[in-house]
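# sequence and computational prediction follow.
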Amino acid sequence: MGSKKGVVAIILLALFLYLSLYAWNARTGVLDDVASRSGLEFVGLVIKPGQWVADQSAALWKRYIYLVELRQEGDALRARLDALTLELARAREQAAEVERLRQLLSFAPPQDWDGIGARVIAQRMGPNAVLESITIDKGTMGGAAVNTPVATPEGLVGRVLRSGLSVSTVLLVTDHNSKVPVLGRTNRTTGVLTGQGPGRPLEMRYVPLNAPVDVGEILITSGLAQIHPKGLPVARVIAVERSEISLFLTVLAEPLVDLRDLEEVLLLMPEAGQPGAAPEALAAPAAPEAPGAPAQTAPAPGAQ
């Protein structure tokens, strides 16, 4: 019985307190104000983390979009830079070509000779690959014929060995089969300049022991074979040796033209009506020998 009365007393007390608070709140409104504030704080506690996450997600997305646009812009700028670099390289190559062609055009052919420009399209190609040779884009249709001299503003390159309709093979002065009658520009000593193969100096043969030849002297074509015009620079003397067992000096020279990097050359042809105006009508040279073949009987001094 006692416990029942205690429960009833607690219920009555709680009911009394509730009614008293209700009446007090109805009269003052304090509890409503507290409840509204507490509810707002609770709502704020729930909403603020979500809002922070939303704000961070939006900022992250914006940064991602910015980085994507920045990368696209960087790719476009890189492609533009590559295009400009290629264009600059092309412009530099064109400028270098213009300079080479200007030098080529400034070359004044010897009197009674004309010059025709040609491009080098290959080196040591086809059946002539065993020879020191180049291939040019001029053939018989372009005026190139057998034995036509080939030169640059620096000096003699060689002569046409074989000529097709649109291309020709040029035998370089460094080949074993090349023999050019020359003379010293200063001392006027004559001889035959012969090639000795790639990477080796030229040799001026049939120079008497007492003939004056100086190291550094420029050797020019003598014109004795009626193939090359007289006075065309060919090589520079780099060594003069005397032997006790030979009747001739050993004279070594280096070509004036860098034959490894030729890009454009000049074909030299006699003007119409001049002696030697048809180089192809001259006696054809002996068949070229492969390097290392047995040497044939040496021609007389000044022979081609």
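Thanks, I have the structure now. Numbering: from 1, shown residues only.

# strands along the stretch 151-300 of the chain, start to end?
Using DSSP state E, counting those that start in this stretch, the strands of the stretch 151-300 of the chain run over residues 155-163, 168-172, 179-184, 190-194, 202-208, 218-221, 233-241, 248-255, 264-270.

# where does the stretch 51-200 of the chain dip in pLDDT?
The stretch 51-200 of the chain contains residues with pLDDT under 70 at 51, 53, 98, 100-106, 126, 128.

# helices along that one, start to end?
For the stretch 51-200 of the chain, applying DSSP state H, counting those that start in this stretch gives no helices.

# which residue sits closest to Ile136, ignoring its sequence neighbours?
Distance criterion Cβ to Cβ, 6 or more residues apart in numbering; nearest residue to Ile136, sequence neighbours excluded, is Ala118 at 4.2 Å. Glycine gets a C-beta too; all of them are placed from N, C-alpha and C.

# surely that neighbour and Thr148 touch.
No. Using Cβ atoms under 8 Å, Ala118 is not in contact with Thr148, being 10.0 Å away.

# between these two, which contacts overlap?
Ser168, Leu267 (Cβ atoms under 8 Å, 6 or more residues apart in numbering).

# gap between the residue nearest to Ile136 and Thr28?
114 Å (Cβ to Cβ, to the nearest Å).

# also Val207?
In terms of Cβ to Cβ, Val207 sits 135 Å off from Thr28.

# ok, now Leu131?
121 Å.

# neighbour count: those two, which is higher?
With neighbours defined as other Cβ atoms under 10 Å, Leu131 and Thr28 compare such that Leu131 has more, 24 against 10.

# now do that one against Arg162, distance only.
Taking Cβ to Cβ, one finds Leu131 at 10 Å from Arg162.

# cool, and Thr189?
With distances taken as Cβ to Cβ, Thr189 is found 33 Å from Arg162.

# over to Arg78?
From Arg78 to Arg162 the distance is 50 Å (Cβ to Cβ).

# who has more neighbours, these two?
Comparing Arg78 with Arg162 by other Cβ under 10 Å, the one with more neighbours is Arg162, at 18 against 10.

# hmm, that one is touching Thr169, no?
Yes. Between Arg162 and Thr169 there is a contact at 4.6 Å, judged by Cβ under 8 Å.

# neighbours of Val68, how many?
As a burial measure, Val68 scores 10 neighbours (other Cβ under 10 Å).
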